[in-house]
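1. missing the sequence, but the structure's below:
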């Protein structure tokens, strides 16, 4: 059996790449997913979709993604609960306020319709927030959120309809390499598939897959925990982030409030178990910011992996030493929101060898050259 | 055949909706049904409907009920007020 393209990982990245390849006319392609669609990081993520980034290139990538999200339900014929309720980032103290001012200027220049809100504007728009210590907010009304499971399933179904083969519960165990070419891969069901090229979209396990191809990538997985509450009457539109509290939260279309806390001391591992410590910390942080949440019930908690890179920005494109290997890895917690645009880049590269996107800041080269790189700070 | 029986009482999901989702998306696990159409995702976390969803999956996929992967159990075991976790030290 031979595929022109073998995509490893059926998360939103792999599924969106599969769809875009079929959209560009490729048929003989396959996705290998070790469990079910969205079983890994995608299905565990917060679902936020934002354009407020720390570099103009990332902003432009995110702007393109949002453009694609706006028509995604129609294009894929699936309801993904995409909702442009905005993103509100809260600044605490003068330093963060100055940083926000700088970021917003840069982001506006890049085309993001973001603006600074003063505390009285925030107070009138979001009266449920306790604004003690808040110096200002950065608000972008065209940011938003979607249901990650549904976005992922939408891409997978559309790819399948267009002829892509999706092998579920099929784990890639090894990759055969000859010089600078990858030849074939072996899967957990004992099959071997020859392949024209391999795309690493393995999320939390991206470095293990790279290792199978005989290369090394600087990605490491880190647990991030989240919880969801009972459904409440609709009371908030945006996803709200406080870097000061290390938290984000949003209200889903179902009414539940989904929230997560980024623990800076979390060690790198594949641990995706939930902890009681998280419940305590999250409860403390959310009630400090939204005092009215005290009486709300938590229904469920879970955890997933951020696939981190040294600068918290993804690694996209080829490896210098391999002719027929592509990667879209290390999204550092932002894979869902970038998936539509990144999938277009990878599909362009595979089918045409080039793309109109400027993704030069996101290739592996930044880690190979010994140059200094700037870290994306806007990560929770 | 009209199967408008409510299977998931917390989330108001009917047998038809579950069967249709399984057929259209090729679901084979309880987790996929839960996460995509919310059957078993409500306040009781599937205590009432999980066995029924398993039986429907078994009928739709031809697998034996015991071959159908169970969902991951998530804490807390019952919905718990946020304030409870504030009191704990």
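-> Done, it's in. Source: prediction; values computed, not measured.
2. May I see the buried residues of the worst-scoring helix or strand of chain A on mean pLDDT?
-> Lowest on mean pLDDT, DSSP states H and E among the helices and strands of chain A sits helix A:365-368, with a mean of 92. Neighbour-count burial for helix A:365-368 flags A:366, A:367 (criterion: 16 or more other CB atoms under 10 Å in any protein chain shown). For the C-beta atoms, the positions are set from N, CA and C on the backbone; glycine is no exception.
3. same question, stretch A:357-367
-> A:357, A:359, A:361, A:362, A:363, A:364, A:366, A:367.
4. and which of these is nearest residue A:57?
-> residue A:361 (4.7 Å; CB to CB).
5. Give the phi and psi angles for that closest one, as a check.
-> Main-chain torsions, residue A:361, degrees, to the nearest 10: phi -80, psi -10.
6. That one - nearest residue in space that isn't next to it in sequence?
-> Spatial nearest neighbour of residue A:361, chain neighbours left out: residue A:57 (4.7 Å); criterion: CB to CB, 6 or more residues apart in numbering or on different chains.
7. Next up, identify which helix or strand the one you found is on.
-> Here residue A:57, judged by DSSP states H and E, is contained in helix A:56-70.
8. ok, now residue A:151?
-> Element membership for residue A:151 (DSSP H and E) is helix A:148-161.
9. Need the residues that contact that helix.
-> Applying CB atoms under 8 Å, 6 or more residues apart in numbering or on different chains, the external contacts of helix A:148-161 come out as A:10-12, A:15-16, A:18-19, A:21-22, A:31, A:37-38, A:42-45, A:47, A:72-73, A:75-82, A:166, A:336, A:339, A:343, B:24-25, B:35-36.
10. Can you mark which positions in stretch A:59-79 are buried?
-> Neighbour-count burial for stretch A:59-79 [16+ other CB under 10 Å]: A:59-66, A:68-69, A:72-73, A:75-76, A:78.
11. ugh, typo on my part, it should be stretch A:224-244
-> A:224-232, A:236-244.
12. hmm, the helix or strand of chain B with the lowest mean pLDDT in reach of chain A?
-> Counting by mean pLDDT, DSSP H and E, chain B has its least confident helix or strand at helix B:82-87, which shows a mean of 93. Yes. Helix B:82-87 is in contact with chain A by CB under 8 Å from any CB of the partner chain, via B:82, B:83, B:85, B:86.
13. out of the residues you listed, which is most surrounded?
-> The most crowded member of these, judged by other CB atoms under 10 Å in any protein chain shown, is residue B:82 (23 neighbours).
14. if you skip the residues just before and after it, what's nearest to that one?
-> residue A:283 (4.7 Å).
15. give the contact list for the one you found.
-> Counting by CB under 8 Å, 6+ apart, residue A:283 makes contact with A:298, B:82, B:83, B:85, B:86.
16. Identify each buried residue in the one helix or strand residue A:344 maps to, please.
-> Taking DSSP H and E as the criterion, residue A:344 maps to helix A:335-352. The neighbour-count check on helix A:335-352 (16+ other CB under 10 Å) flags A:335-351 as buried.
17. what about the strands in the stretch 251-380 of chain A?
-> A:257-261, A:297-308, A:315-318, A:325-329 (DSSP state E, counting those that start in this stretch).
18. Just put these in CSV and tack on mean neighbour count, mean pLDDT and distance to chain B.
-> What follows is those, written out as CSV (neighbours: other CB atoms under 10 Å in any protein chain shown; pLDDT from 0 to 100; distance: least, CB to the nearest CB, whole Å):
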stretch, mean neighbour count, mean pLDDT, distance to chain B
strand A:257-261, 24, 98, 10
strand A:297-308, 22, 97, 4
strand A:315-318, 23, 97, 27
strand A:325-329, 27, 98, 23
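19. What parts of chain B come near chain A?
-> Within reach of chain A by CB under 8 Å from any CB, chain B has these residues: B:24-29, B:31-32, B:35-36, B:38, B:41, B:43, B:45, B:72, B:74-76, B:79-83, B:85-86, B:88.
20. repeat that for 7 Å
-> Within reach of chain A by CB under 7 Å from any CB of the partner chain, chain B has these residues: B:25, B:29, B:31-32, B:35-36, B:43, B:45, B:74-76, B:79-83, B:85-86, B:88.
21. Please pick the buried ones from those residues.
-> When those are checked for burial by 16+ other CB under 10 Å, the buried set is B:25, B:29, B:31-32, B:35-36, B:45, B:74-76, B:79, B:81-82, B:85.
22. between these, which is nearest residue A:265?
-> Nearest to residue A:265 out of these is residue B:85 (CB to CB; 19.5 Å).
23. Skipping its backbone neighbours, what lies nearest the closest one in space?
-> Leaving aside its chain neighbours, residue B:85 sits nearest to residue A:283 (3.8 Å; criterion: CB to CB, 6+ apart).
24. Got the confidence number for the one you found?
-> Residue A:283 is assigned a predicted lDDT (pLDDT) of 98.
25. Tell me the confidence at the residue nearest the centre of chain A?
-> In chain A, the C-alpha nearest the mean C-alpha coordinate belongs to residue A:335, at 1.7 Å (CA atoms, centre = their mean). Per-residue pLDDT puts residue A:335 at 97.
26. Isn't it up against residue A:15?
-> No. In this structure, residue A:335 is not within contact of residue A:15 by CB atoms under 7 Å, at 11.1 Å.
27. just so I have it, where are all the helices in chain B?
-> Using DSSP state H, the helices of chain B run over B:15-25, B:30-37, B:50-61, B:82-87.
28. Can you list the strands that the helix or strand harbouring residue A:138 pairs with?
-> In the assignment (DSSP H and E), residue A:138 maps to strand A:134-140. Strand pairing for strand A:134-140, determined by DSSP bridges: strand A:87-92 (antiparallel), strand A:115-117 (antiparallel).
29. from the chain's centre, how far out does the very next helix or strand once past the shortest one sit?
-> From strand A:115-117 onward toward the C-terminus, using DSSP H and E, the following helix or strand is helix A:119-125. Here the centre of helix A:119-125 is set off from its chain's centre by 29 Å, with CA atoms, centre = their mean, to the nearest Å.
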